[in-house]
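Colleague: Below is the sequence, then the predicted model.
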Amino acid sequence: MPMKWILLMTLMGLVISHNSFCQKNAALDSLMIKYQEAGEDSVKVNLLLAIADVYETNNQDSSIFFLEKAKLLAEKLGFKRGLYKYYAQSAILSFTKGDYNKAMEQSTIALQAAKELGDENLITNIINNIGIVYQYLGDFDKQLDFSLQALTRIEQSTETKKLCAGYHNVANAYSNLKRYRKAVDYCIRGIKAYEQYGGNYINRVYASLGQGYQELNQYDSALFFHNKAILKSVEFNDKYAEATIYSYMADTYASLNDFTSMLEVSKKSLALSKELQSRQMLAGSLYNIAFAHYYNNEQQKAKLYIKEALQIAVADSLLDELKNSYTVLSYITAREGDFKTSLWAKLKSDSIQAALVNTEVLAATTELEAKYESEKRNIQVRLQQTELKQKNTMNYILLGALASILIVSLLIYRNYIHKQKLQQQRISELETEKQLSATEAVLKGEEQERTRLAKDLHDGLGGMLSGIKYSFNTMKENLIMTPENHQAFERSMDMLDSSIKEMRRVAHNMMPESLIRFGLDTSLRDFCNDINQSGALEVSYQSIGLENVNLGQTTAITIYRIVQELMSNVLKHASAKSTIVQVTNTTGHISVTVEDDGNGFDTAILKNSKGIGWTNIQHRLDFIKAKLDVSSQLGKGTSVHIEFDV
């Protein structure tokens, strides 16, 4: 159970200072001397901020102390740029301490300050940082949005040294969205930008690249870049990065079953976590060590470390670390034969996981409600504006009889045109309803015919073939055959077995029994597992929220046929190695995604496609009133996304 740390990022690498950590440490004494000699002015504010920046990654308490002194003096002087720098650096510090909500609050204030200053460079920096904070708040779509905004602004500017960090942040967003090949691609772009233009935090880019290769199960490449990241982190005196990268290496060694090396790097991470006073990293390092001891069959040591990890996680409400620690504890106690404690720990872990999922769902729902209320207010404003315009129009009509007659005539004519449009619209709606009814009848008839044929094949022809096989077996026992006849008889029996299997396969494809008996989720999972077992394609099936959704049989069959047709297209045309099939339900809103890493194609050809498979998909989409989005690039795979309400 390797530890799942979130990808390390170039947090705030674009902001405040472009000096290396070694240079900062070398200049600390000089900064302190200048600070003591400075007067109560903006120069002293900048000196305080620079000192806090030096302490940022190796002594956070000192960094906080100097930041607060800088804020007080900047407020006293009305020094807006100093206040901007205070909030930007404070957001960094809140982030590294794990207080992401506070980091978002401080970054938002810093963005407003940057806009008031009219500094495009500062605006770009904070947009980038807000994207990073969204990553740790779990809103990965917004993370990608803000990271791409920042990267676009950087590419359009002359700040070429920031390209490395910009590419890295986009890579992290793609990684969180589980698009690891895209993440690796942007990390490599970041390294090339660093080699060409320079920049900051290359150690963290190496670390993220190692993480990407680890997710793609390329462990040798992962270790190679993790080691490069460690060397650079030591060179920069970036202890926060160094501690986290050691935890990455622990994950990799666990995947390679090299638990001795896992224990070694976990202890290094533990020592650095204590030095940095990061309790979240400390808890993670402790359960990594416990996990390594467990696999090295050192039960007492494993139990000692996991108890310490649990104490920290409980005290600080670190849900991820608490969940992982309970899981490791369940393993340890199960090996000791203490199954009661093992079951208790497993239930604890599962309940925390459920709480995390519920929190994410609640956050998403709250955001949707806020968007709905905002749109509702906008509609009300537009209605009020429309009413005001109508009142003004009536006032103008009263200015003159001739004008009134003209306006009334125009209104009558417009009303006539409007009625004509409404009538035409109603006719179009009736035609659409008629087409949908016809489509529904065709689909239902098709599925009923499939069901009947499947039943006839399975119960009728299948029974007959099985009876023939039984009769042949009985005849075999009573016949005396030459070796040649015996060999021919056995070949005939093998062909009969193959016919029975093929008949059952055809009957199952026409109407899967699991779809009728167990529902859509189980049927799709079985379908994907069958493809996996065939070896033709690696398929990952994911479902969220389908347990309690009440789908009609016709709708469920329609979704199943759409996924079946899309997977058929992947197998026939995409030359893909892996595919993700994801079905989610969010408060009655169903979304289906089929994404592969195959050849890709020009989506423009779909407009003129006359293939039976694609036509069937379109008919079924029209029937369930679904929205379709097809995204594909040559050589970069294809993503098909479908949404509809139930």
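Modeller: That came through, no problem.
Colleague: Go ahead and flag the most central residue of this protein.
Modeller: Leu177 (2.6 Å; C-alpha atoms, centre = their mean).
Colleague: Could you check how far the closest residue to it other than its chain neighbours is from Glu242?
Modeller: Closest residue in space to Leu177, ignoring its immediate chain neighbours: Phe140 at 5.1 Å, by C-beta to C-beta, 6 or more residues apart in numbering. Backbone N, C-alpha and C define where each C-beta goes, glycine included. When distance is defined by C-beta to C-beta, to the nearest Å, Phe140 is 26 Å away from Glu242.
Colleague: Of these two, which one has the most company?
Modeller: Glu242 (23 against 18; other C-beta atoms under 10 Å).
Colleague: Starting from Ile202, give me the distance back to the more buried one.
Modeller: Using C-beta to C-beta, which is the criterion applied here, Glu242 is 14 Å from Ile202.
Colleague: Is Ser631 in a helix, a strand, or coil?
Modeller: Secondary structure, DSSP: H, G, I helix; E, B strand; the rest coil: Ser631 is strand.
Colleague: Please name the bridge partners of it.
Modeller: Here Ser631 sits in beta bridges with Ser639, going by DSSP bridges.
Colleague: contacting residues around the closest residue to Tyr180 other than its chain neighbours?
Modeller: In this structure, Tyr180 finds its nearest non-sequential neighbour in Glu215, 4.4 Å apart by C-beta to C-beta, 6+ apart. Neighbour list for Glu215: Ser175, Lys178, Tyr180, Ala183 [criterion: C-beta atoms under 8 Å, 6 or more residues apart in numbering].
Colleague: In those, find the pair that's most separated.
Modeller: Maximum pairwise distance in the contacts of Glu215, criterion C-beta to C-beta, is 9.1 Å, between Lys178 and Ala183.
Colleague: number of nearby residues for Ile590?
Modeller: 22.
Colleague: Show me what it is bridged to.
Modeller: Asn585, Phe644.
Colleague: quick one: contacts for it?
Modeller: Val549, Ile559, Val583, Thr584, Glu643, Phe644, Asp645, Val646.
Colleague: In PyMOL, how would I select just the buried ones from those?
Modeller: A single PyMOL command selects the buried members of those (16 or more other C-beta atoms under 10 Å):
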select buried, resi 549+559+583+644
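Colleague: quick one: which of Lys178 and Ala183 has more around it?
Modeller: Ala183 (27 against 15).
Colleague: can I assume Asn324 is in contact with Leu286?
Modeller: No. Using C-beta atoms under 8 Å, Asn324 is not in contact with Leu286, being 10.3 Å away.
Colleague: separation between Glu75 and Leu209?
Modeller: 42 Å.
Colleague: Compare these two (neighbour count), which wins?
Modeller: Leu209 (26 against 13).
Colleague: For the residue nearest to the centre of the chain, give me its contacts.
Modeller: Phe140, Asp141, Leu144.
Colleague: do Leu571 as well
Modeller: Leu571 neighbours (C-beta under 8 Å, 6+ apart): Ile531, Ala536, Leu537.
Colleague: of all the residues you listed, which comes closest to Glu490?
Modeller: So of the contacts of Leu571, ranked by how close each gets to Glu490 (C-beta to C-beta), first place is Ala536, at 29.8 Å.
Colleague: I'd like to know how many residues surround that closest one.
Modeller: 12.
Colleague: Return the backbone torsion pair for it.
Modeller: Backbone dihedrals for Ala536, given as degrees, to the nearest 10, come out at phi -80, psi -30.
Colleague: List the residues that contact it.
Modeller: Leu571.
Colleague: and it, what pLDDT?
Modeller: Looking at Ala536, its pLDDT reads 82.
Colleague: next one: Asp139
Modeller: Taking Asp139 on its own, its pLDDT is 89.
Colleague: Enumerate every residue touching Ile130.
Modeller: Contacts of Ile130 (C-beta under 8 Å, 6+ apart): Met104, Ser107, Thr108, Leu111, Phe146.
Colleague: Narrow these to those in helices?
Modeller: Met104, Ser107, Thr108, Leu111, Phe146 (DSSP state H).
Colleague: What distance do you get for Leu256 to Ser523?
Modeller: From Leu256 to Ser523 the distance is 37 Å (C-beta to C-beta).
Colleague: Please apply the same query to Gln384.
Modeller: 51 Å.
Colleague: just so I have it, where are all the strands in the stretch 401-550 of the chain?
Modeller: Counting by DSSP state E, counting those that start in this stretch, the stretch 401-550 of the chain has strands at residues 538-544.
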